[in-house]
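Participant: Coordinates for the following, if possible.
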Amino acid sequence: MACTLNRDDPLGGLPPKHCLNGGYKPVFTNRLQLEEALTYCKTTLESNLKANVNLVRVSAPLFVTRASGFNDNLNGVEKPATFEPRDFKGTHLEVPFSLAKWKRWALHYYGVEAGKGIVTDFRGLRCDDDVDYTHSLYVDQFDWEKHIKPEDRNIDYLKTTVKAIYKALYDTEQAVCKKYGIEPVLPEELVFATSDDMIKEHPKATPKERENILCEKHKAVFFIGIGGMKPDGQLRHDGRAPDYDDWTTERADGGHGLNGDLLVWNPILKQSFEISSMGIRVNPEVLLKQLDLCGVNERKEFVWHKMLLDGTLPQTIGGGIGQSRTCQFLLRACHIGEVQHGWYNPAEVDIMKKDGIELLGLGEFESDPSAKST
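Facilitator: This is a model prediction of the structure:
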């Protein structure tokens, strides 16, 4: 999701102004009832995902070794949370940003056949992420990956999978709204659009503005083609690491990339809202091309990259579906901290609490002991 955080504003992480000063009322005021609703949202979505995409849930690691190359590099500039085991100095373990690479190895490890996949209840840290009303340092998502055949690496297979995932989201919203008396907003069908076409149609718009234009009109959109550069050297839409999604393969429509973001129109925030990022993954040829484009050819020496290049790892499609982000949307919360225990700017927490917006576990003390360490 294109970022909206204004880093020059000391209170830039607050929800939009229309949500403040009494403009927003939470669906839940009872904390235990909220927790029950969060569990219902997550279990319902997971069940729908497993049924629609043919996934089996597996356990997942909380950390991986740096030398393995299993960590997701996101945009290539973020620093992972890292530690050394007490008795093994020099061994660097990292908390993953996501399991984009690990999942592909796991399909090999578990011997998952083509047409079937896995899903994990992933928890991670993104210490360099923006901290605002839709972004958190704490990541929880349904990380999924599916074994596909080489001939499935095409836009039609991507769209078919996206439709199955969107159906899982749509059915989950219908169930949640019926149970808790919320008005559903998702259309039964979503629209596909490409970053290449949107740049041509709105050349002066920012990535976030292009997302807003699409989502306000259609309410649910899969935005194809994330990652890579425009001819002027600027990001085409948003950044992607070179070693999981395929963002360079040319499509029949003349655009590039077999990946994208699932976006919806958020009626509370009145803006586009990312639910999932996903795509068909790199094959050996595309991996080499994208590593070279990003100037990180040294990654070819990592264990994971060698396994992909020598054909050990299967062809796959995969992605992540933010659990708290989805709950924020389904339960019509204006801040992600209302649906997960995280950490946010204490000054903003104080402002929101005075306005009736309470973030889980925060703002409970006159001097918040979690805000600073001595």
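Participant: give the contact list for Thr91.
Facilitator: Applying CB atoms under 8 Å, 6 or more residues apart in numbering to Thr91 gives the contacts Thr65, Glu84, Pro85. From N, CA and C alone the C-beta is placed, and that goes for glycine too.
Participant: Let me have those in CSV, extended by pLDDT, neighbour count and secondary structure.
Facilitator: Shown next, in CSV, are those (pLDDT from 0 to 100; neighbours: other CB atoms under 10 Å; DSSP: H, G, I helix; E, B strand; the rest coil):
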residue, pLDDT, neighbour count, secondary structure
Thr65, 89, 14, strand
Glu84, 94, 11, coil
Pro85, 94, 11, coil
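Participant: Specify which member of these is nearest to Leu330.
Facilitator: The closest of the contacts of Thr91 to Leu330 turns out to be Thr65 (CB to CB; 36.1 Å).
Participant: Quick check: beta-bridge partners of that closest one?
Facilitator: In this entry, Thr65 is beta-bridged to Leu93, by DSSP bridges.
Participant: from memory it sits against Val95, does it?
Facilitator: No: contact criterion CB atoms under 8 Å: Thr65 and Val95 do not qualify, at 11.8 Å.
Participant: now the strands for the stretch 251-374 of the chain?
Facilitator: 259-266, 271-280, 316-322 (DSSP state E, counting those that start in this stretch).
Participant: Below-threshold pLDDT in the stretch 101-250 of the chain: ranges please.
Facilitator: In the predicted model, the stretch 101-250 of the chain carries pLDDT under 70 at residues 229-237.
Participant: how near is Gly342 to Gly361?
Facilitator: Relative to Gly361, Gly342 is positioned 8 Å away (CB to CB, to the nearest Å).
Participant: which of the two has more neighbours?
Facilitator: Neighbour tally, Gly342 and Gly361, criterion other CB atoms under 10 Å: the higher count belongs to Gly342, 20 against 14.
Participant: one step back: in JSON lines, list the strands of the stretch 251-374 of the chain along with mean pLDDT.
Facilitator: Formatted as JSON lines, the strands of the stretch 251-374 of the chain follow (pLDDT from 0 to 100):
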{"stretch": "strand 259-266", "mean pLDDT": "97"}
{"stretch": "strand 271-280", "mean pLDDT": "96"}
{"stretch": "strand 316-322", "mean pLDDT": "97"}
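Participant: between those strands, which one is nearest to Ile182?
Facilitator: strand 259-266 (13.3 Å).
Participant: List the neighbouring strands of that closest one plus their orientation.
Facilitator: strand 220-224 (antiparallel), strand 271-280 (antiparallel).
Participant: Good, wrapping up.
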